[in-house]
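J.: Please work out how this folds:
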Amino acid sequence: MLGPHTTREACERRLLGAAIALLLASCVALPGSPPASASAATPNPSALRATLEARFGTLAPGPAYPGTVWSPDAPITLEPRAFGTFPSDRQPGPVVSFDRVRLATALPTAPANASVALVGSYDESWKATVARVVPDSGDWTVVPLYASLSKSTGSSLGPMPTWSAESIDAARAVLARVGLLAPDMEPSPHQRAAARAITFIRRLEGLPVYTNKGVALTGLADGGTSAIGRRRPILALSRYPIRTPADAWAAVQRGEGRTMGVDDGAPATPVTLPEFVVTSVELVYLEVEVLGPRELMQPYYAFREAGGSVLYVPAVVF
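T.: Numbers count the residues shown, from 1 in each chain. As a prediction, the model looks like this:
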């Protein structure tokens, strides 16, 4: 049996250890980190947006790439699961109807975890950046909250390139001339000729980022071209565990795959198939509709069939 002095000394040691741990935690914690009781954000989307703005409202993009309107991504790295729990994005695209689903390709390998990105907005001063870079800036609609701009009035940017291998280079030249093409952007691997648009994407940690209304050269009814650009700055990253491809495929079989309205090359109208035959599976990021100044961009598994339709399954698990 321990004596009274030994018991008191043990208690004192435990109290001292707890005080030191608390002091160390206060030294390494990021400014604005929530208390332990708030480590998991509410799954309510509105409350989550308010939490993100309260914690990370001071994070902002830096100066733009020379000759473009976009800032290079320079995200800070946060502790794992820094954003707590959060709801899955729900932005339905064209509905895909089918009676059965079948896997006609091998499932890929995937890491045990992946980053979730905090994406932000530009402030009102971004309009001055756009005015300096974009020719005839008065012809454009600029929305800093959405990190977007689009050709709204005035003349065409030139004739729409005839759809061919050379059309990508022609679109690249036009978008670069008006400052919409950052050095790290590349043609989307899933172009859709019927859409009369040539889309460019960026990558995050090697994975493609598909965006709602991203950077693209678009065709007009009179044969001319317009342009649209949305590229929200990536401000912070936090690692989360992700499900295995086999788990994601099981979710598709349970009917949990969803379509999303992003520039992924999928058909823009509802599709009815007798069977959804998966011909490719990949891990991607989706940057969906803008609802607030700070939002999360999540990884998804994309199950694609030969006609271009895609079923997405959220990759993050909690």
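
J.: Tell me if E79 really is in a strand.
T.: No - counting by DSSP: H, G, I helix; E, B strand; the rest coil, E79 is not found in a strand; it is coil.

J.: excluding its backbone neighbours, what's nearest it?
T.: S238 (6.8 Å; CB to CB, 6 or more residues apart in numbering). To be clear about C-beta, it is placed using only N, CA and C from the backbone, and glycine gets the same treatment.

J.: so the one you found sits in a helix?
T.: No - looking at S238 with three-state DSSP, it is strand, so not inside a helix.

J.: show me the contacts for it.
T.: 77-83, 115-116, 118 (CB atoms under 8 Å, 6 or more residues apart in numbering).

J.: who's in contact with T225?
T.: Contact analysis of T225 by CB under 8 Å, 6+ apart lists 156-160, 174, 217-219.

J.: what two of the contacts of S238 have the greatest distance between them?
T.: For the contacts of S238, the maximum inter-member distance is 14.0 Å, found between P80 and L118 (CB to CB).

J.: Mind listing the residues bridging to F276?
T.: Per DSSP bridges, the residues bridged to F276 are V101.

J.: Was I right to think it contacts V310?
T.: No - assessed by CB atoms under 8 Å, F276 is found out of contact with V310, at 10.1 Å.

J.: So between those two, which is more surrounded?
T.: V310 (26 against 22; other CB atoms under 10 Å).

J.: which residues touch the more buried one?
T.: V310 sits in contact with 259-260, 264, 266, 302-304, where contact means CB under 8 Å, 6+ apart.

J.: between these, which is nearest W249?
T.: F303 (7.5 Å).

J.: confidence score at that closest one?
T.: Note on F303: pLDDT of 98.

J.: where's it, which helix or strand?
T.: Here F303, judged by DSSP states H and E, is contained in strand 295-305.

J.: Excluding chain neighbours, give the residue nearest to A82 in space.
T.: Closest to A82 by CB to CB, 6+ apart is S238, at 3.9 Å.

J.: Can you give me the distance of the one you found to P314?
T.: With distances taken as CB to CB, to the nearest Å, S238 is found 16 Å from P314.

J.: if we can go back for a sec, which of the contacts of T225 ranks first by neighbour count?
T.: Within the contacts of T225, neighbour counts (other CB under 10 Å) peak at L217, which reaches 30 neighbours.

J.: helix or strand for that one, which one?
T.: strand 215-219.

J.: same thing with A227?
T.: Using DSSP H and E, the element containing A227 is strand 225-230.

J.: which residues does K151 form a beta bridge with?
T.: Beta-bridge partners, per DSSP bridges, of K151: W140.

J.: Now do the same contact list for L118.
T.: Neighbouring residues of L118 by CB under 8 Å, 6+ apart: 52, 56, 59, 75, 83, 234-238, 294-297.

J.: sec struct for it, please.
T.: strand.

J.: Helix or strand with the lowest mean pLDDT in this protein?
T.: Every helix and strand of the chain was ranked by mean pLDDT, DSSP states H and E. The lowest is helix 4-28, at a mean of 40.

J.: right, and the helix or strand after it?
T.: Following helix 4-28 in sequence, per DSSP H and E, is helix 45-56.

J.: For that next one, name the packing helices and strands.
T.: strand 295-305 (3 or more CB pairs under 8 Å, 6 or more residues apart in numbering; DSSP states H and E).

J.: what pLDDT, on average, does stretch 195-211 get?
T.: 94.

J.: in the stretch 1-150 of the chain, what spans have low per-residue confidence?
T.: 1-43 (pLDDT under 70).

J.: redo that, cut-off 90
T.: Along the stretch 1-150 of the chain, segments meeting pLDDT under 90 span 1-47, 49, 87-92.

J.: what about burial for the contacts of V310, which qualify?
T.: Buried by 16 or more other CB atoms under 10 Å: 259-260, 264, 266, 302-304, out of the contacts of V310.

J.: can I get the residues you listed in a markdown table with distance to F318?
T.: Below are these laid out as a markdown table (distance: CB to CB, whole Å):
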| residue | distance to F318 |
| --- | --- |
| T259 | 24 |
| M260 | 21 |
| D264 | 25 |
| A266 | 28 |
| A302 | 21 |
| F303 | 22 |
| R304 | 26 |
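
J.: From those, pick the one nearest A250.
T.: F303 (11.7 Å).

J.: all helices for the stretch 101-250 of the chain, in order.
T.: Secondary structure of the stretch 101-250 of the chain, counting by DSSP state H, counting those that start in this stretch: helices at 126-133, 165-177, 245-253.

J.: Tell me which of those sits nearest to D99.
T.: helix 245-253 (13.0 Å).

J.: what's that closest one in contact with?
T.: Applying CB under 8 Å, 6+ apart, the contact partners of helix 245-253 are 101, 103, 107-110, 243, 257, 278, 281, 301, 303, 311, 313, 315, 317.

J.: what's the closest of these to R196?
T.: L311 (25.0 Å).

J.: is it true that that closest one lies in a helix?
T.: No - under three-state DSSP, L311 sits outside any helix and is assigned strand.
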